[in-house]
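Asks: Quick one, fold the following:
(one chain, ligands or ions: 1)
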Amino acid sequence: MSYAIVYSSRTGNTKALADAIRAVLPPEDCCYFGTPDAAALAAQRLYIGFWTDKGTCDGDTAAFLAQLTNQEVFLFGTAGFGGSADYFEQIAHRVEALLPAGVTVLGHHLCQGRMPMTVRQQYEAMEDSPRRAQMLENFDAALSHPDAEDLRQLQNAVQ
Ligand SMILES: Cc1cc2nc3c(=O)[nH]c(=O)nc-3n(C[C@H](O)[C@H](O)[C@H](O)COP(=O)(O)O)c2cc1C
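Replies: Numbers count the residues shown, from 1 in each chain. Sure thing, here's the model as predicted:
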């Protein structure tokens with residue numbers, strides 16, 4: 001079955017997930033690998049990766065999802081805030097709700113993704129509070145992600 005891997009990635013986290021998927025799927029069936037593009041719509045199955053922006057997928061991915069018709073889709077993504085499977089599920093369901101009715105969802109897999117150091121500097125500039133401490137803690141926890149275990153779990157999920 002022909003497939004495409006489509007990803008949106010500003011700082012490389014989601015691209016790392018796309019590369020990990022590519023590494024375990026048969027290259028001869030891949031008809032597209034890259035950023036959102038109408039050329040990918042010809043595939044029967046699409047692996048679509050997004051970075052989380054304001055609790056849902058980034059705008060480029062949202063615009064691409066709207067162009068789908070009746071393909072099979074596996075969603076993958078990264079989010080700066082992690083540590084809770086519930087949080088990832090909420091994001092995934094928000095993104096799935098953007099899919100046109102004829103699309104079949106095969107599954108989804110999200111993991112945490114590191115954020116730019118400028119974000120930590122913004123947190124540091126905040127007045128001391130439990131929320132600030134929690135955000136700094138989350139930022140530091142995200143620094144190592146996506147890690148090898150994240151990529152392995154994603155590869156298991158698509159295989
Ligand atoms: C403008 C902006 C908004 C973001 N909003 C969220 C958000 O609402 N929730 C979240 O968990 N992470 C958020 N993040 C963090 C990114 O989703 C996260 O770092 C992601 O792994 C980046 O993926 P990329 O390297 O593929 O671009 C945001 C990052 C940016 C730059």
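
Asks: helix, strand or coil for Thr52?
Replies: Using DSSP: H, G, I helix; E, B strand; the rest coil as the criterion, the local structure at Thr52 reads strand.

Asks: ok, the closest residue in space to it that isn't next to it in sequence - how many residues close by?
Replies: Excluding the flanking residues, the one nearest Thr52 by CB to CB, 6 or more residues apart in numbering is Ala79, at 3.8 Å. For glycine as for every other residue, the C-beta is placed from the backbone atoms N, C-alpha and C. Using other CB atoms under 10 Å, the number of residues around Ala79 comes to 24.

Asks: which residues touch the residue of the chain found nearest the ligand?
Replies: Relative to the ligand, the nearest point of the chain is Gly113 (2.1 Å; CB to the nearest ligand atom). Contacts of Gly113 were listed using CB atoms under 8 Å, 6 or more residues apart in numbering, and they are 11, 13-14, 51, 78-80, 142, 145-146.

Asks: try 6 Å this time
Replies: With contacts defined as CB atoms under 6 Å, 6 or more residues apart in numbering, Gly113 is in contact with 13, 78, 145-146.

Asks: Same check on Leu99?
Replies: Leu65.

Asks: try 10 Å
Replies: Contacts for Leu99 (CB atoms under 10 Å, 6 or more residues apart in numbering) come out as 48, 65-66, 68, 71, 73, 75, 105.

Asks: Widest-spaced pair of the residues you listed?
Replies: Ala66 and Val105 (15.1 Å; CB to CB).

Asks: Those two: which is more packed in?
Replies: Neighbours per residue, other CB under 10 Å: of Ala66 and Val105, the larger number sits with Val105, 13 against 10.

Asks: element containing Ile48?
Replies: According to DSSP states H and E, Ile48 maps onto strand 45-53.

Asks: Adjacent strands (with direction) for the next helix-or-strand element following that strand?
Replies: Tracing the chain C-terminally past strand 45-53 and defining elements by DSSP H and E, one meets strand 56-57 next. Based on DSSP bridges, the pairing partners of strand 56-57 within the sheet are strand 45-53 (antiparallel).

Asks: so Leu154 sits right up against Phe76, yeah?
Replies: Yes: under the criterion of CB atoms under 10 Å, Leu154 lies in contact with Phe76, with a separation of 6.1 Å.

Asks: That's all I had, so thanks and see you.
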